[in-house]
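S.K.: any chance you can model this:
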Amino acid sequence: MILFSGVLLLIAVSSCRKGFLEKPQGSDTTVDSIFSSSEKVQYAIAQAYTQSLAIGITIIPWDWNRDYCMRESTLDGISGENMPTDFDWEDAWIVQRSGMTADDGSGVPRSEDGFSFNYKAIRQNYLVKENISKVRDMSEGEKAQVRAEMKVLTAYRYSEMFKRYGGVPIVEKTLNISDTLNIPRASLQATLDFIVKLCDEAVDSLPDTYPDKWKGRITKGVALAVKAEALIYAARPLFNTAAPYMDLGSHNSFICFGSQDVARWQQAADAAKAALDWSLASGYHVLNTGNPLDDFGTATSTPGNAEVLLAYKYQWGNDVGALFFLYNLHTWVGNANGMSFTQLRQFYKADGSDQVWADETPRPYSEYYSKMQEMEPRLKASVQAPGIDAWSNPNDAYWNSVNCFQSGNLGREECGRRAKFWYKAGTREWFEFPLYRVAEFYLDLAEAYNELSQPAQALQYLNVIRQRAGLPNVVATDQDALRKIIQREWAIEFYQENHRLHDVKHWKLPDIADGVIGGAKRSFTFTYAGSSAAVPTDFLTYANVVKYNGFWNPSQFLCPFPASEVNKGYLVQNPGY
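M.R.: Numbers count the residues shown, from 1 in each chain. You can find the predicted model right below:
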């Protein structure tokens, strides 16, 4: 495996990512010295968090190694949420049009996370876990807590690989050159069991809360959240089936459970309920003061709010920060910033009804303006409409239409430019990417109870999310109809939070090849009164057009392993690559 060598390596919290325990010339830095005091060990712990939580969220701008995910792009660019329409050398642009590959022609896989870096992060976790006992000025209780934190970080990385790859190689300690390094894939069930085991072992040693200086570290609730998310993916149709999406012969156990079992939905419900019960007892809750725009904007944007159990807090030291570059509409690097029509039509009007949008016949811009004003608060917290000052940052010149649309964004408006994570942020150039919000547990429960044919319980949890959004309660009890409504809530509530791509695959949506990931990708195009546009009078018409055709093939349900690793003979590739 790429990761495993005899070198003890901790990746430093710095833009260059130099090995923290990689002994430089003339230095006495060793494992023993790093783990000699509680002060020094905090650097190693911080590195474990940085590595384990970064993968799949972001990549350092212009890092061409794809250590964390697709370079210079984000997952919403290939999930059907946004429109990667610029720069044909960028991964999201290429993957949307030709799919993921095990080798991009230069020996590097074009997948949506950095497979080998998962194991570098896991090794970091084990280094901390195995050496924390050496720290002289920490109590045994503190050491047990750190070990538990490392177990949950490892479970989180395996959970992320689980939903992307299926069964993966299981490593339970740091490996040295005397160990067997080429570890084969484990079955899907064994991988799931390992995730659950780590979370169960860790939970009792973790606190419910931390002193202010340690806020953001893993609590009991995070262990419960990791377990709940793994089990909801285990219950969904992609894995919970007798026959896999593509045949892998004698290795089908790597990509499906080999049976369809409703008990998996009960396990998912039980785990989500445990996570929700802990949250409510520990001061975490869905924010609902009766002001839906403010509540949803705060829940997704304000650091340290009471809805977020865990967030990715680190910003790479130089160039402001990767998250700012990739997610903020004020920058040019994140060229998948425009919302697609597929995503726009998920949102409701503020009264809970569906909006009727233009077709390919151009319509007056004033119609677009009026229709966007009618939309629900979650849309207004998530995008900025061309010609309209950002709802998410009212009376803020930095976020007015002149500043955001006149320079550099003309012709790239799509259905609106994303503004999520920046609610009342002003000129703040960083945000904390939410990894687990309490809202997730409510939708887990709604989905699981619907699949268990218990619509009353499903509606109970679903309508908590609807009420926070200012929408009327859902009353439908037909399982198929309610399933579609719940899936739509996932799409709205967790837009841009790295859920959609995996959700649509694991649900095996029937239209996944027809406008979701593959098929005609539609968005809005505008005409203008002059050579620049910024305010409503500068826009003339809008139309709903096909911008490009997305790629889909059943092979894309799961990610490819790097061809370089498969060619070593120990790793069975996923089908179709």
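
S.K.: over to residue 310. Which of the three states is it?
M.R.: State at residue 310, reduced to three classes by DSSP: H, G, I helix; E, B strand; the rest coil: strand.

S.K.: show the contacting residues for residue 424.
M.R.: Shown in contact with residue 424 (Cβ atoms under 8 Å, 6 or more residues apart in numbering): 297, 301-302, 392-393. Every C-beta, even on glycine, is put in place using the N, C-alpha and C of the backbone.

S.K.: how about 7 Å then?
M.R.: 297, 393 (Cβ atoms under 7 Å, 6 or more residues apart in numbering).

S.K.: show me the strands in the stretch 351-500 of the chain, by range?
M.R.: Under the criterion DSSP state E, counting those that start in this stretch, the stretch 351-500 of the chain contains strands at 363-364, 383-384, 417-418, 433-437.

S.K.: what's the second one in contact with?
M.R.: Residues from elsewhere that reach strand 383-384, judged by Cβ under 7 Å, 6+ apart: 329, 339, 390, 399, 404, 416-419.

S.K.: which strands border it, and is each parallel or antiparallel?
M.R.: Strand pairing for strand 383-384, using DSSP bridges, gives strand 417-418 (antiparallel).

S.K.: so how far is the strand it pairs with from its chain's centroid?
M.R.: A distance of 17 Å separates the centroid of the chain from that of strand 417-418, by Cα atoms, centre = their mean, to the nearest Å.

S.K.: name the residues that touch that strand?
M.R.: Under the criterion Cβ under 7 Å, 6+ apart, residues 82, 327, 329, 337-339, 382-384, 404, 409, 496 lie in contact with strand 417-418.

S.K.: repeat that with 8 Å
M.R.: The contact list for strand 417-418 (Cβ under 8 Å, 6+ apart) reads 82, 327, 329, 337-339, 382-384, 386, 404-405, 409, 496.

S.K.: with respect to pLDDT, which of the residues you listed ranks lowest?
M.R.: Checking pLDDT across those, the minimum falls on residue 409 at 67.

S.K.: between all of the contacts of strand 417-418, which two are separated the most?
M.R.: Distances among these were taken as Cβ to Cβ; the most separated pair is 405 and 496, at 19.5 Å.

S.K.: between these two, which has more neighbouring residues?
M.R.: Taking other Cβ atoms under 10 Å, residue 405 and residue 496 do not tie; residue 405 has more neighbours (26 against 23).

S.K.: against residue 330, how distant is the more buried one?
M.R.: As for residue 405, its distance to residue 330 is 11 Å (criterion: Cβ to Cβ, to the nearest Å).

S.K.: then residue 426?
M.R.: In terms of Cβ to Cβ, residue 426 sits 11 Å off from residue 330.

S.K.: now the common contact residues for those two.
M.R.: In terms of Cβ under 8 Å, 6+ apart, residue 426 and residue 330 are both contacted by the residues residue 398.

S.K.: compare neighbour counts for these two and give me the winner.
M.R.: Neighbours per residue (other Cβ under 10 Å) separate residue 426 from residue 330, with residue 330 holding more: 20 against 11.

S.K.: OK, contacts around that one?
M.R.: 398, 403-404.

S.K.: which of these count as buried?
M.R.: Among these, those scoring as buried are residue 404 (criterion: 16 or more other Cβ atoms under 10 Å).

S.K.: for residue 95, state which of the contacts of residue 330 is nearest.
M.R.: Of all the contacts of residue 330, the one with the least separation from residue 95 (Cβ to Cβ) is residue 404, at 27.1 Å.

S.K.: need the next SSE after the biggest strand by length in the chain, C-terminal direction.
M.R.: Scanning the chain for the strand with the most residues, using DSSP state E, yields strand 539-550. Later in the chain than strand 539-550, the nearest helix or strand by DSSP states H and E is helix 563-566.

S.K.: list the buried residues of that next one.
M.R.: Within helix 563-566, the residues that qualify as buried are 563, 565-566, counting by 16+ other Cβ under 10 Å.

S.K.: weakest of the strands of the stretch 351-500 of the chain by average pLDDT?
M.R.: Looking across those, the weakest by mean pLDDT turns out to be strand 417-418, at a mean of 88.

S.K.: OK, contacts around residue 298?
M.R.: 287, 305, 307, 423.

S.K.: quick one: the last one from residue 430, how far?
M.R.: Think residue 423. Distance of residue 423 to residue 430, given as Cβ to Cβ: 14 Å.

S.K.: one more: the second one?
M.R.: With the distance defined as Cβ to Cβ, residue 305 ends up 15 Å from residue 430.

S.K.: one step back: counting neighbours, go ahead and name the busier of residue 423 and residue 430.
M.R.: Between residue 423 and residue 430, counted using other Cβ under 10 Å, residue 423 has the larger neighbour count: 23 against 16.

S.K.: where does the nearest residue to that one once chain neighbours are set aside fall, secondary structure wise?
M.R.: Using Cβ to Cβ, 6 or more residues apart in numbering and skipping residues adjacent in sequence, the residue nearest residue 423 is residue 297, 3.1 Å away. Secondary structure assignment for residue 297, by DSSP H and E: helix 292-301.

S.K.: buried set for the longest strand of the chain?
M.R.: By neighbour count on 16+ other Cβ under 10 Å, the buried set for strand 539-550 is 539, 541-544, 547, 550.

S.K.: and which of the contacts of residue 298 is nearest to residue 198?
M.R.: Closest approach to residue 198 among these (Cβ to Cβ): residue 307, at 25.0 Å.
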